[in-house]
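> Kindly generate the corresponding structure for this input.
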Amino acid sequence: MPATDVAFWVVALLVILALGFDFMNGFHDAANSIATVVSTGVLRPQQAVVFAAFFNFLAIFIFHLSVAATVGKGIVHPAAVDLHVIFGALVGAIVWNVITWYYGIPSSSSHALIGGLVGAALPKAGIDGLVWTGIFKTVSFIFISPLVGFLLGSLMMLLVAWVCKNAHLAKTDRWFRRLQLVSASAYSLGHGGNDAQKTIGIIWLLLIITGYAEAGAKMPPTWTIICCYVAIALGTMFGGWRIVKTMGQKLTKLKPVGGFCAETGGAMTLFAATALGVPVSTTHTITGAIVGVGSTQRASAVRWGVAGNIVWAWIFTIPATALMSMIVYYLSLIIF
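Below you'll find the model as predicted:
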């Protein structure tokens with residue numbers, strides 16, 4: 001469908017659908033930001049979601065839009081995208097998020113969107129429509145981000161244990177309860193900075209293919225940035241408790257010192273990935289950090305069965321959403 005033939009209301013509906021995905025991203029991934037701070041008892045769930053939502057939005061003033069550029073132009077060639085591809089990608093990703101939220105599985109909203117884009121673009125343009133360098137970079141970070149989170153989380157825990165080896169236990173606990181507010185705010189900044197940009201990227205792509213934005217523009221329209229950060233912050237405020245329990249308690253029992261180390265290691269990983277323009281999974285990152293913290297105590301402190309189930313969910317996310325988005329793409333051709 002040529003850009004001149006696209007009715008404004010069609011574009012508006014797809015923008016609303018994208019913001020719905022962004023809201024769902026915040027809702028689904030709220031657990032990543034608040035699980036440790038809730039499970040250690042530092043904040044109540046109601047306080048934690050408002051706290052995380054505030055820092056999700058604050059990220060708008062801190063991070064450059066490198067991730068948005070990767071999603072908008074670095075996964076699928078804009079020429080290979082039409083309205084059916086955008087629709088298929090978003091619906092496939094949203095359906096996967098709802099399924100994994102319902103079963104309490106902390107899968108990646110980010111990779112659901114990437115898988116959705118790839119799956120919907122394939123029947124439209126074939127493999128030539130894909131940007132393989134961008135896809136390879138994103139897929140490689142499925143393994144790199146949890147590994148880096150694991151290493152930084154465990155190193156932070158070992159460093160803290162060495163520094164505080166002679167400190168009084170009650171006093172240490174009190175200090176780390178306060179410090180966990182700092183680490184949780186840093187992680188929420190990283191979550192907002194990386195995840196909101198994925199939706200900015202897909203709306204930017206939509207506006208380019210429909211002629212509402214210039215293909216050579218260095219920045220998307222300002223309203224898209226504000227709307228996406230507001231949507232993810234609101235989603236976080238209404239975040240699901242099902243996944244919080246899996247992340248915060250089922251993987252390993254966390255104390256404030258462990259929560260601080262996991263969040264700090266995870267935040268450092270997210271900050272680096274966002275600076276590099278890589279759309280990483282906040283879920284993978286914090287899971288790796290939590291497992292890293294737990295493994296420094298003893299291997300049996302980590303519930304490896306739960307961790308294994310989460311890893312399987314990671315592996316299946318991109319192929320599952322690609323398949324669902326491909327089906328939705330074909331259905332949309334029949335319906336519209």
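> so I200 touches L65, yeah?
Yes - with contact defined as Cβ atoms under 8 Å, I200 counts as touching L65 (6.6 Å). Yep, even glycine has a C-beta here, placed from its N, CA and C like the rest.
> higher neighbour count, these two?
I200 (27 against 22; other Cβ atoms under 10 Å).
> got a pLDDT number for the more buried one?
We have a pLDDT of 95 for I200.
> Report how many residues lie close to L155.
Neighbours around L155, by other Cβ under 10 Å: 14.
> Leaving out sequence neighbours, find the closest residue to it.
Counting by Cβ to Cβ, 6 or more residues apart in numbering, L155 lies nearest to G265, which is 7.4 Å off, once chain neighbours are set aside.
> helix, strand or coil for that neighbour?
Secondary structure, DSSP: H, G, I helix; E, B strand; the rest coil: G265 is helix.
> dump the residue contacts of it.
149, 151-156, 289, 292-293 (Cβ atoms under 8 Å, 6 or more residues apart in numbering).
> How much space separates it from R178?
Separation of G265 from R178 (Cβ to Cβ, to the nearest Å): 18 Å.
> what pLDDT does the residue nearest to L155 get?
93.
> Tell me which helix or strand comes right after the lengthiest helix in the chain.
Ordering each helix of the chain by length in residues (DSSP state H) puts helix 169-209 first. Sequence order places helix 222-237 as the next helix or strand after helix 169-209, per DSSP states H and E.
> Summarise which helices and strands that next one is packed against.
Judged by 3 or more Cβ pairs under 8 Å, 6 or more residues apart in numbering; DSSP states H and E, helix 222-237 is in contact with helix 8-39, helix 45-58, helix 169-209.
> Please state the offset of the helix or strand containing G134 from the chain centre?
Element membership for G134 (DSSP H and E) is helix 132-163. Distance of helix 132-163 from the chain centroid (Cα atoms, centre = their mean, to the nearest Å) equals 15 Å.
> Report the contact partners of the nearest residue to Y229 once chain neighbours are set aside.
The spatial neighbour of Y229 that comes closest, neighbours along the chain excluded (Cβ to Cβ, 6+ apart), is I60 at 4.4 Å. I60 sits next to 192, 196, 225-226, 229 when contact means Cβ under 8 Å, 6+ apart.
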